[in-house]
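Asks: no sequence on this one, just coordinates:
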């Protein structure tokens, strides 16, 4: 049976010691669905063992969110409790570590007016912009993990009974997070070291452009001067290393927001705020999405692109080999944390300031001047496949292979 008590204990220890690397006297903030309470309790215990001063837990209930979207008046979605936004900013200022357990029901809001969802998302993003900025600057340690729920499992394994689907999903989580191993913490240290090797190789190349070719995709992405590739563990403002995503298989950097041209087609469905967007294509001209289509979720995609001006530009480019653990499971997870680590991906919206030299010390205007995108949103979408070829163009104009048939060629 998955997870065993030992595996769940390993998960909690991994999140505390590697995910956010809790320090003596630190506050830890945990955000989780109510169904993940067994893991949350173990995380709290591990955090206190590691020296945490206080563990603050915020549970959420997707069904309550659905009730609100279906029944609340329109004006409810234009309001956000500012006391909560201020509390999150206070946590940031006090050096808290943030743990999010992300286990959404992909079909939760499929029959809800997409405009309501878009309005609520933009309202929350605006209110929490200070908090989000701190996390994207890696000021504080933060980590995103998942927990198998019946609703999520039913979407991933629709032909199985509820119990069988949850068990199957836990099997995939156990494999992807390495919590079934004898020493998951050490296994993650070794994994981070391997990702760092690729990061160092790419940073040494200093490519000025990436060129993508795959069925439905013919895209060029300019990289700004001074761009930095990252992957695996990162250091926060105090030099404490943490893993933002668990699992992770990616290395990523910042594109030049005005240097993207051509068309790219998605290869996996995107679960965006409880609505599935699938089979979509985006056409870019001088960095901006000028045309888009979708086989499913066209309205949700349109609302995402209309969040603000920056939502039509890219903020992240990430490389993930097709021959990697999550990809090789041949499972579509309808959960971006997992699907993005099975596939090369891009992100619409906000860029990470840590992806350019000196970026965390730049003003928003300076970041824009260096090619970094600015937006209220940051939404990853998957474009990788076994047919993906990617070339890098060096500073002297030489074109060389980075990916062939979905895998590393360097």
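Replies: Noted; the coordinates are in hand. It should be emphasised that the depicted structure is a prediction, and the values quoted were computed from it without experimental measurement.

Asks: any chance you could map the strands in the stretch 1-150 of the chain?
Replies: Per DSSP state E, counting those that start in this stretch, the stretch 1-150 of the chain carries strands over the ranges 27-33, 54-60, 97-101, 142-145.

Asks: Tabulate those in a markdown table, adding columns for mean pLDDT, mean neighbour count and distance to residue 322.
Replies: Every C-beta, even on glycine, is put in place using the N, C-alpha and C of the backbone. A markdown table is the format used below for those (pLDDT from 0 to 100; neighbours: other CB atoms under 10 Å; distance: least, CB to CB, whole Å):
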| stretch | mean pLDDT | mean neighbour count | distance to residue 322 |
| --- | --- | --- | --- |
| strand 27-33 | 98 | 21 | 31 |
| strand 54-60 | 97 | 15 | 34 |
| strand 97-101 | 98 | 24 | 27 |
| strand 142-145 | 98 | 22 | 23 |
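
Asks: Ok, which of these comes nearest residue 189?
Replies: Residue 189 lies closest to strand 142-145 among the strands of the stretch 1-150 of the chain, at 15.1 Å (CB to CB).

Asks: Serialize the strands of the stretch 1-150 of the chain to CSV and add fields for distance to residue 408.
Replies: Output for the strands of the stretch 1-150 of the chain, formatted as CSV (distance: least, CB to CB, whole Å):
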stretch, distance to residue 408
strand 27-33, 35
strand 54-60, 38
strand 97-101, 30
strand 142-145, 25
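
Asks: So which of those strands is nearest residue 294?
Replies: Among those, strand 142-145 comes nearest to residue 294, with 25.3 Å by CB to CB.

Asks: Does anything pack onto whichever helix or strand comes after that closest one? Which helices or strands?
Replies: Next helix or strand after strand 142-145 toward the C-terminus (DSSP states H and E): helix 150-156. Helices and strands touching helix 150-156, by 3 or more CB pairs under 8 Å, 6 or more residues apart in numbering; DSSP states H and E, are helix 162-177.

Asks: In the helix it packs on, which residues are buried?
Replies: Buried positions in helix 162-177, judged by neighbour count with 16 or more other CB atoms under 10 Å: 165-177.

Asks: TSV for those, including distance to residue 238?
Replies: Below are those laid out as TSV (distance: CB to CB, whole Å):
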residue	distance to residue 238
165	41
166	38
167	40
168	40
169	35
170	34
171	37
172	34
173	30
174	32
175	33
176	29
177	25
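
Asks: hey, what's residue 319 bridged with?
Replies: residue 251 (DSSP bridges).

Asks: Now residue 117: closest residue in space that isn't a chain neighbour?
Replies: Of all residues not flanking residue 117 in the chain, residue 273 sits nearest, at 4.9 Å (CB to CB, 6 or more residues apart in numbering).

Asks: residues in contact with the one you found?
Replies: 109, 117, 118, 121, 300 (CB atoms under 8 Å, 6 or more residues apart in numbering).

Asks: What segments of the stretch 251-400 of the chain are strands?
Replies: For the stretch 251-400 of the chain, strands defined by DSSP E, counting those that start in this stretch occupy the ranges 251-253, 260-265, 270-272, 275-285, 288-296, 314-319, 345-349, 378-382, 389-393, 399-404.
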